Structure formats: C-alpha cells, structure tokens
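[1] Give the three-dimensional model of this entry:
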Amino acid sequence: MTAYSPENTPGRHGPSATVEAAPREVGRVRTEYSPAHDGDPDPGEIVWTWVPYEENDGRGKDRPVLVVAREAAGTFLAVQLTSKRHDGRREWVPIGSGPWDRSGRDSWVDVDRVLRLHEEGMRREACALDRMRFNLVRRRLRERYGWS
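    Below you'll find the model as predicted:
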C-alpha cells in the first residue's frame, strides 16, 4: 500500500481523477440511496477524494463528497461537502454534522457543482448519510437538473 501524501492522493491524477461533470449534460440520472459499508463508493455514502478547485489549474484538496448516483460506465456522480458557510451565490443544502467531520462541525452540500468519481479515485469511505438528509439533497438535484 502506498503511503498517503497530497501528491499521491487518489482521484488527483490519471484516468481515475475526480473531475467536474456538467449536470445537464450527463444524460439520464437516477439518484438512489444504497449505502453498503464495504469500502466501495455507493450512493448515499460520504467518501473522501481529491476535488479540483473550480479554476481547474491543477490545484485542489482532499475532501468529503456525497455520492448520489451510479453511472452505467462504472463511475459515480457526487456533490462536495463543506463546513464553511457561504454567501448565497450558490446553492448549498444544509445537512448538519456527522462522522465525516472529526470536529463535529455542521456541513453543507454544494448542488451547483457535480463531480464524477471513480472507485479507484476514492481514498476512503467515511459513512452513510441517513436517508432523510440524503433525500433533501436528492430533492434539490431533482428540482435543479430534472434527475429522477
């Protein structure tokens, strides 16, 4: 097993890199809640992966994301979490606190930015989000992008 360092973070480089996906261009999306604590990313789970900054200049950081859908190609669609409050220019869904944040801070999910995640690009599975909070995010994605 390779030691963890920011340079070799899963999802940062190569064919398993986490990338931004155009939510209205990904085709038909069926969100689902199917967490299975097995080390693999599943819809409804919060996992850690490298997330590129929006400038797409090679910078980014390892952060938690909520997996919301499985794609036919074997990839996953996810939305990023943050513990920082934002000014309202984007759509953030509050999900409260959970074991994904060791400090117990409240978190928000950014539904404006959708990420494509590869199983090999995931560093670790954090936990499953409960169905009620997952459904809040799912509802906003459905309203925003027409996903089922």
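
[2] Every contact and neighbour count from this point should use C-alpha atoms.
    OK.

[3] so where is this structure shaky, pLDDT-wise?
    Within the chain, the ranges that satisfy pLDDT under 70 run 1-13, 56-58, 86-89, 124-125.

[4] looking at it, Val19 is touching Val51, isn't it?
    Yes: assessed by Cα atoms under 8 Å, Val19 is found in contact with Val51 at 7.4 Å.

[5] Of these two, which one has the most company?
    For Val19 versus Val51, neighbours defined as other Cα atoms under 10 Å are more numerous around Val51 (24 against 21).

[6] Check the spacing between Ala73 and Leu66 real quick.
    The gap separating Ala73 from Leu66 is 19 Å, by Cα to Cα, to the nearest Å.

[7] what's the burial count for the residue nearest to Ser148 when sequence neighbours are not counted?
    Nearest non-adjacent residue to Ser148, counting by Cα to Cα, 6 or more residues apart in numbering: Arg30, 4.8 Å away. Residues lying near Arg30 (other Cα under 10 Å) number 14.

[8] on that earlier part again, so between Ala73 and Leu66, which is more surrounded?
    Neighbour count, other Cα under 10 Å: between Ala73 and Leu66, Leu66 has more, with 27 against 7.

[9] can you list contacts of the helix or strand where that one lies?
    Using DSSP states H and E, Leu66 maps to strand 60-70. Strand 60-70 has contacts (Cα atoms under 8 Å, 6 or more residues apart in numbering) with 6, 9, 29-33, 41-53, 76-82, 100, 109, 126, 138.
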